[in-house]
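Q: following is a predicted model, sequence given first.
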Amino acid sequence: MQVSIDDIKRLKALSGVGLTDAKKALEEADGDFDKALEAMRKKGLTKAEKRGEREARQGIVGTYNHDNRIGVLVEVNCETDFVARTEGFTELVKDVAMHIAASSPAYVSADDIPEADRDAKKAEFTDKAKAEGKPEIMLDNIVEGMLKKHFAELCLLDQPFIKNPDQTVGDLVKDANARLGENVVVRRFSRIALGEVA
């Protein structure tokens with residue numbers, strides 16, 4: 001099947017693969033651009049997950065200031081200085097900083113939640129479930145579900161991305177990982193709101 005050079009170039013730009021791979025994907029999808037893009041994303045995300053073990057110590061510290069009332073500093077890392085200077089990477093950092101300003105997460109990921117915070121919430125949710133008369137046999141599952149939901153709202157990577165709520169911030173970072181061909185990590189952030197007491 002003959003595919004257009006414009007579609008090949010477009011697929012290459014969106015997925016970060018070479019021209020030959022883009023052409024092959026379009027041919028395998030019988031010229032269906034969306035189907036080819038989805039196939040390339042799946043392939044890219046698989047590679048991205050393998051990349052997750054590589055060290056990411058380059059990157060940039062991005063900033064976002066909303067109306068001189070909310071300020072955000074965020075460190076996003078990648079593997080090379082070359083990628084850190086690309087437009088795609090700097091756009092990702094801006095988007096993450098803007099999301100932090102809007103959504104006010106408390107942690108980067110579930111791994112960053114202090115054990116004391118988790119234990120305190122677990123005790124609170126256990127008491128609540130017992131007070132509501134939930135069956136003892138189901139208590140652990142109910143409390144675990146409540147904890148997961150509570151902390152998902154507070155963890156940056158689990159929050160729905162403000163520009164596209166169908167995607168989490170974690171998915172946004174994974175997409176960048178696949179597109180840029182490097183391990184991309186949101187390392188830390190700080191959010192300051194005017195008049196807010198810590």
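A: Good, I have the coordinates. Numbers count the residues shown, from 1 in each chain.
Q: all strands of the protein, in order?
A: Assigned by DSSP state E, the strands in the chain fall at 58-66, 70-78, 160-161, 164-168, 185-193.
Q: rounded mean pLDDT for stretch 66-73, please.
A: Summarised as a single mean, pLDDT over stretch 66-73 is 94.
Q: could you measure from the residue of the chain positioned farthest from its centre over to residue 181?
A: Residue farthest from the centre of the chain, counting by Cα atoms, centre = their mean, is residue 133 at 37.2 Å. Counting by Cβ to Cβ, to the nearest Å, the gap from residue 133 to residue 181 is 54 Å. The C-beta positions use only the backbone N, C-alpha and C, and glycine is treated the same way.
Q: ditto for residue 142
A: The spacing between residue 142 and residue 181, counted by Cβ to Cβ, is 43 Å.
Q: do residue 164 as well
A: Distance of residue 164 to residue 181, given as Cβ to Cβ: 22 Å.
Q: give me the more crowded residue out of the two.
A: Ranked by neighbour count (other Cβ atoms under 10 Å), residue 164 and residue 181 place residue 181 first, with 17 against 11.
Q: before we move on, back to that, please identify the most buried of the strands of the chain.
A: Mean neighbour count (mean count of other Cβ atoms under 10 Å) peaks for strand 70-78 among these, with a mean of 21.
Q: name every strand pairing with that strand and say which way it goes.
A: Applying DSSP bridges, strand 70-78 is found paired with strand 58-66 (antiparallel), strand 185-193 (antiparallel).
Q: quick one: contacts for the residue nearest to residue 167 when sequence neighbours are not counted?
A: Nearest residue to residue 167 in three dimensions, chain neighbours excluded: residue 161, at 5.0 Å (Cβ to Cβ, 6 or more residues apart in numbering). Residues in contact with residue 161 (Cβ atoms under 8 Å, 6 or more residues apart in numbering) are 95, 99, 167, 168, 169, 171, 172.
Q: nearest to residue 12 among the residues you listed?
A: residue 172 (20.6 Å; Cβ to Cβ).
Q: look up how far residue 107 lies from the closest residue to the closest one other than its chain neighbours.
A: Of all residues not flanking residue 172 in the chain, residue 161 sits nearest, at 5.2 Å (Cβ to Cβ, 6+ apart). According to Cβ to Cβ, residue 161 stands 16 Å off from residue 107.
Q: same check on residue 28?
A: Distance from residue 28 to residue 107, counting by Cβ to Cβ: 41 Å.
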